[in-house]
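Undergrad: structure for this input, please:
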Amino acid sequence: MPMVKAKSTKKPTVPHRTKRLPKGPHGGIELLLIWPVEYLGKQGDVVEVKRGYAMNYLIPQGLATIATDHHKRMVDNHRAEIEAIEKARLAGLQSLAADLARQSITIEANANDEGHLYGSVGATEVANALKRNNFHIAADQVRLEGPLKELGLYTISIHLGQEINAEVKVWVVPSVVEEGADETQQS
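TA: Below is the predicted model of the structure:
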């Protein structure tokens, strides 16, 4: 006779659901910010967010951790160090903003005789031009009111973090056509 296994009445545990996350007063999850998060809080703040935002973005990106009593005590003990680090980071961003304000970058683009571009210059082109000048700025930090569609001088805002912005002068100039390339096309 084959042996029949007895069925267990106990439900199997799912690893990610075994620990309860600390709930805040409004029903969200309490997290301790490891890094400043724009529109949410600064480093060391205890914030309450929705479960999906916590589990899918903040915790996996290393921006926050679960706000346990132990973590809260550690932050309270190291509050002065955290503030010193934040001040140094802000000073670095302000220095970068001052350096960017002294910059003038040039972007070449194809244009017609009236100065209208055949395409447009967007945040990606501005970020790439700044990278060529050794400023590592992401395209999402470039704040344009719309794509640049004409030749000329523009003042563009760069968002560096928190409330620090810099303005950069951007020259959009026509592309230089090489003489040899023009002659070969006419032949």
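
Undergrad: ok, longest helix in this structure?
TA: helix 79-101 (DSSP state H).

Undergrad: contact partners of the helix or strand following it?
TA: Remark: after helix 79-101, the chain's next helix or strand is strand 104-109, criterion DSSP states H and E. With contact meaning C-beta atoms under 8 Å, 6 or more residues apart in numbering, strand 104-109 is reached by 117-119, 121, 125-126, 129-130, 132-133, 151, 168-176. The way it works is simple: take the backbone N, C-alpha and C, and place the C-beta from them, glycine included.

Undergrad: with stretch 79-90 instead?
TA: Residues contacting stretch 79-90 (C-beta under 8 Å, 6+ apart): 36, 42, 43, 44, 75, 162, 164.

Undergrad: for residue 73, see how far away the third one is.
TA: Here the criterion is C-beta to C-beta, to the nearest Å. By it, residue 43 lies 16 Å from residue 73.

Undergrad: the more surrounded of those two?
TA: residue 43 (18 against 10; other C-beta atoms under 10 Å).

Undergrad: give me the pLDDT for that one.
TA: With respect to pLDDT, residue 43 scores 81.

Undergrad: what sits against the closest residue to it other than its chain neighbours?
TA: Nearest non-adjacent residue to residue 43, counting by C-beta to C-beta, 6 or more residues apart in numbering: residue 36, 5.2 Å away. Applying C-beta under 8 Å, 6+ apart, one finds that residue 36 lies in contact with 42, 43, 86, 161, 162.
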